[in-house]
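**Q** give the three-dimensional model of this entry:
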Amino acid sequence: MEEEIQQLRELVLQLKADNEQLRHERTTSLGGASGSASASPGPTGYASGAGVSAPVIERLVVIPRDRKCPMFSGKSGISIAEWAEEVQACARARYLPAAEQALFMVDHLEGEAKEEIKFRPREEQRDPGRVLAILKELYGCSQSYVTLQQAFFSRQQLDGETLQEFSLALMSLMARVERQAPNGIPNADVLLRDQFVEHVLDGSLRRELKQLVRRQPTITLLELRGEAIRWERKVSQVALGVVVFHCQRLTASNTECRVAPTRSPG
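**A** Take a look at the predicted model:
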């Protein structure tokens, strides 16, 4: 029942947004038409093109409706930072005013998080900025800046982990470190790149990447990762070629043994 009520609320909010959008477009088009008519009147007060109907311009307005906003409880699932990004994006897509944004946010809370906002003053409940600030204060990252730094600098490529997966894991850790950093991290890109270079699993690749950084000190992590992936593919192709060549030689040798002529007796 509660889910159906929430869906109805979302539908009402969406219809309001659609109505406002259409009303705005209608006002704009009527204003433009009246302005053009008054600017060039004909001799009888009509437009010079009297008798000729003006072409009707049709516009297709696409309003995203199907983007689902996740629920936030504060206990499990999506983090407050991710939920805040999602709920703000959904509110923008629906063209919601500030008061309805706050209502939309509360409708997508559940459990403890919803109760927390429920017992706040009405002024705070109606302010989307305050709603987010309260939730971030309560459910923000519980790990300290030092702990997150340690997690970042101890992260290495795992067995079976691709270079892309390893780089994305480092990016995610660095983003969390930056959010908790008191004064920001001015050289975050360099730290990210160097951590990737130092902790790739393949020793030969590690040496190649270090040489590449010495030759190109300004190379970024994404550029370096691209070179690393190309190097890895090239090595794999060479290794595969050696195996194929060896198999071909073995096959040819076995064939020669089978077709070797036998001497006739006497």
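**Q** report pLDDT for the residue nearest to residue 131 when sequence neighbours are not counted.
**A** Nearest residue to residue 131, sequence neighbours excluded (Cβ to Cβ, 6 or more residues apart in numbering): residue 105, at 5.0 Å. Placement of C-beta: from N, CA and C, glycine included. On the pLDDT scale, residue 105 is placed at 94.
**Q** shaky segments in the stretch 1-150 of the chain?
**A** Within the stretch 1-150 of the chain, the segments meeting pLDDT under 70 span 1-8, 29-67, 76, 141-143.
**Q** can you list the neighbours in contact with the host helix or strand of residue 212?
**A** Using DSSP states H and E, residue 212 maps to helix 203-215. Applying Cβ atoms under 8 Å, 6 or more residues apart in numbering, the contact partners of helix 203-215 are 193-194, 196-198, 200, 219, 224, 227-228, 231-232, 235.
**Q** and that helix, which residues are buried?
**A** 205, 206, 208, 209, 212, 213 (16 or more other Cβ atoms under 10 Å).
**Q** likewise stretch 168-187?
**A** Those would be 169, 170, 173, 174, 176, 177, for stretch 168-187 by 16+ other Cβ under 10 Å.
**Q** thinking again about what came up before, how far does the helix holding residue 212 sit from the chain's center?
**A** Chain-centre distance of helix 203-215: 30 Å, with Cα atoms, centre = their mean, to the nearest Å.
**Q** and the helices in the chain, which stretches?
**A** 2-39, 80-93, 98-107, 111-118, 122-125, 128-139, 145-153, 163-180, 188-198, 203-215, 221-259 (DSSP state H).
**Q** rewinding a little: TSV for the contacts of helix 203-215, including neighbour count?
**A** Compiled in TSV, these are given as follows (neighbours: other Cβ atoms under 10 Å):
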residue	neighbour count
193	23
194	16
196	23
197	20
198	12
200	23
219	16
224	22
227	15
228	23
231	17
232	17
235	14
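**Q** from these, which shows the smallest pLDDT?
**A** Among the contacts of helix 203-215, residue 235 has the lowest pLDDT, at 85.
**Q** now stretch 145-154, how far from the centre of its chain.
**A** On Cα atoms, centre = their mean, the centre of stretch 145-154 falls 23 Å from the chain's centre.
**Q** go through it and flag the buried ones.
**A** 148, 149, 152.
**Q** could those go into TSV alongside distance to residue 129?
**A** As requested, the buried residues of stretch 145-154 are arranged in TSV below (distance: Cβ to Cβ, whole Å):
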residue	distance to residue 129
148	26
149	30
152	30
